[in-house]
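> Predicted model and sequence follow; I will ask about them next.
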Amino acid sequence: VIGLLVGFVILLICNPSQALPGFVTILTGAFTHGLKGVGQVFYYATPIILTGLSVGFAFKTGLFNIGTPGQFIVGAFAAVYVGIMWKGLGPVHWAAALLAAVLGGALWGMVPGLLKAYFNVNEVIASIMMNYIGMYLVNYLIKIAPIYDNVKNQTRPVPAAHRLPTAGLEKIFPDSSANIGIFIVIVVAIIVFILLEKTNFGFELKACGKNRDASIGFGVDAKRMIMTAMLISGALIGLGGALLYLSSAGKYIKVEDVQAAEGMNGIPVALLAMNHPIGIIFTGIFIAYMQVSGFYMQTYGFTTEIVDIIVSVIVYFSAFSFIIREGIRRWQLRQRTDVHHTGKGAEK
């Protein structure tokens with residue numbers, strides 16, 4: 001709430017006469033366009049949720065995977081390539097493209113994991129470098145592959161028959177890009193939750209993240225855990241890239257020297273959800289809702305970057321809430337300690 005109020009102040013500074021209608025659009029923008037707006041929220045939430053799951057999964061194991069833009073674009077390229085070039089796969093073509101994206105993202109995430117596990121290279125530095133390698137590699141591969149549209153400097157469109165099925169969502173949310181991607185990410189989030197919270201493997205991953213030395217002492221293979229965590233994290237974001245570019249929206253991978261913004265959007269999603277897989281579903285939908293509302297704010301003369309500022313402020317206040325909660329916990333502990341000592345003094 002405080003983050004939204006700060007956003008309102010920013011709108012007042014930018015354009016006082018349009019601040020109120022612009023702020024109302026932030027709150028209601030997706031709903032003012034009926035079910036189409038809701039469908040667009042689900043469409044934009046799909047890659048954001050998977051990016052959040054990727055970042056949150058790595059966080060759970062004590063790793064900061066900031067290589068999500070590179071893993072995202074490598075996975076997306078693999079999906080688009082399979083979607084355009086592979087023939088004769090029939091109705092499962094989109095599934096094969098998703099699998100290719102998972103493998104591409106996993107490979108790109110595994111490299112920083114391997115460097116961290118065996119050479120103690122900081123995963124933040126390694127994954128940032130892999131972002132640029134991935135971006136320029138994809139730019140190069142697009143140009144030399146038969147999927148390049150040299151007029152528009154981007155990939156050719158994936159054939160409609162090879163895109164994600166809509167499963168009737170185009171009737172529920174007319175004129176939107178909603179597809180089965182939203183169902184896929186919900187299932188993936190549940191699987192990640194079960195993996196982390198209900199299995200021995202997940203316990204070892206989290207134990208390695210909380211105290212690597214202690215977990216090694218209890219027989220956990222820390223190197224294997226680090227590599228596996230980064231591999232799974234990369235696979236998740238690679239899948240997110242595929243779900244975005246295989247949708248009915250007809251998005252193309254452009255040849256440009258810009259990191260994939262979708263890869264970075266998962267960081268605030270994971271932070272707001274405190275890295276909880278189920279919570280990430282809701283925070284991902286919230287961020288997507290803000291993005292869709294931001295598009296409609298342009299009718300009042302505001303740029304979509306206003307929404308990025310508001311989301312950033314919300315993340316900051318979320319961090320402050322941890323500080324406040326920790327302060328309250330310490331105060332309560334001190335009060336109990338004082339009461340305990342007072343009681344002992346009375347007994348004496």
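Yes, it's here. As the structure is a computational prediction, the values presented were derived from the model and not from experiment. Residues are numbered from 1 along each chain as shown.
> make it CA atoms for all contacts and neighbour counts henceforth
Noted.
> which residues are in contact with stretch 274-288?
Under the contact criterion Cα atoms under 8 Å, 6 or more residues apart in numbering, stretch 274-288 has outside partners 41-42, 44-46, 48-49, 52-53, 55-57, 59-60, 186, 189-190, 192-193, 266, 269-270, 272-273, 311.
> Could I get the buried residue list for it?
Of all the residues in stretch 274-288, those buried under the rule 16 or more other Cα atoms under 10 Å are 274-285, 287-288.
> Could you export the residues you listed as TSV, including distance to Leu244, pLDDT and secondary structure?
As requested, those are exported to TSV (distance: Cα to Cα, whole Å; pLDDT from 0 to 100; DSSP: H, G, I helix; E, B strand; the rest coil):
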residue	distance to Leu244	pLDDT	secondary structure
Met274	25	88	coil
Asn275	22	90	coil
His276	23	94	coil
Pro277	20	96	helix
Ile278	21	96	helix
Gly279	21	96	helix
Ile280	18	96	helix
Ile281	16	96	helix
Phe282	18	95	helix
Thr283	18	94	helix
Gly284	14	94	helix
Ile285	15	94	helix
Ile287	16	90	helix
Ala288	13	92	helix
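> which among those residues gets closest to Asp221?
Taking Cα to Cα as the measure, Asn275 is the one of those closest to Asp221, at 23.2 Å.
> can you tell me which of the contacts of stretch 274-288 are in strands?
Assignment to strands by DSSP state E places none of those there.
> Just the buried residues from those, in ChimeraX please.
Restricted to buried positions by 16+ other Cα under 10 Å, the ChimeraX selection for the contacts of stretch 274-288 reads:
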select :41,42,44,45,46,48,49,52,53,55,56,57,59,60,186,189,192,193,266,269,270,272,273,311
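> Next step: the contacts of stretch 274-288 restricted to helices.
Counting by DSSP state H, the contacts of stretch 274-288 place 41-42, 44-46, 48-49, 52-53, 55-57, 59-60, 186, 189-190, 192-193, 266, 269-270, 272, 311 in helices.
> Dump the buried residues of stretch 274-288 to CSV, plus distance to Gly219.
Below are those laid out as CSV (distance: Cα to Cα, whole Å):
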residue, distance to Gly219
Met274, 28
Asn275, 26
His276, 26
Pro277, 27
Ile278, 30
Gly279, 31
Ile280, 31
Ile281, 34
Phe282, 36
Thr283, 36
Gly284, 36
Ile285, 39
Ile287, 40
Ala288, 42
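> The protein: strands as residue ranges?
For the chain, the strands defined by DSSP E cover 148-149, 154-155.
> Can you give the contact residues for the last one?
With Cα under 8 Å, 6+ apart as the contact definition, strand 154-155 has outside contacts at Ile142, Ile147, Tyr148, Asp149, Tyr252, Ile253, Lys254, Val255.
> cool, and stretch 314-327?
Residues outside stretch 314-327 that contact it (Cα under 8 Å, 6+ apart): Ile2, Gly3, Leu4, Pro268, Leu271, Leu272.
> same thing with stretch 183-198?
Contacts of stretch 183-198 (Cα under 8 Å, 6+ apart): 46, 49-50, 53, 57, 201-203, 205-206, 276-278, 281.
> roughly how far is stretch 273-287 from the heart of the chain?
Relative to the mean C-alpha coordinate of its chain, stretch 273-287 is positioned 9 Å out (Cα atoms, centre = their mean, to the nearest Å).
> can you check stretch 301-319 too?
The answer for stretch 301-319 is 16 Å, by Cα atoms, centre = their mean.
> what comes up buried for that stretch?
So for stretch 301-319, counting by 16+ other Cα under 10 Å, buried means Phe302, Thr304, Ile306, Val307, Asp308, Ile310, Val311, Val313, Ile314, Val315, Phe317, Ser318.
> still on that earlier bit, out of the contacts of stretch 183-198, which one sits closest to Gln71?
Distance ranking of these against Gln71, using Cα to Cα, places Leu50 first at 11.8 Å.
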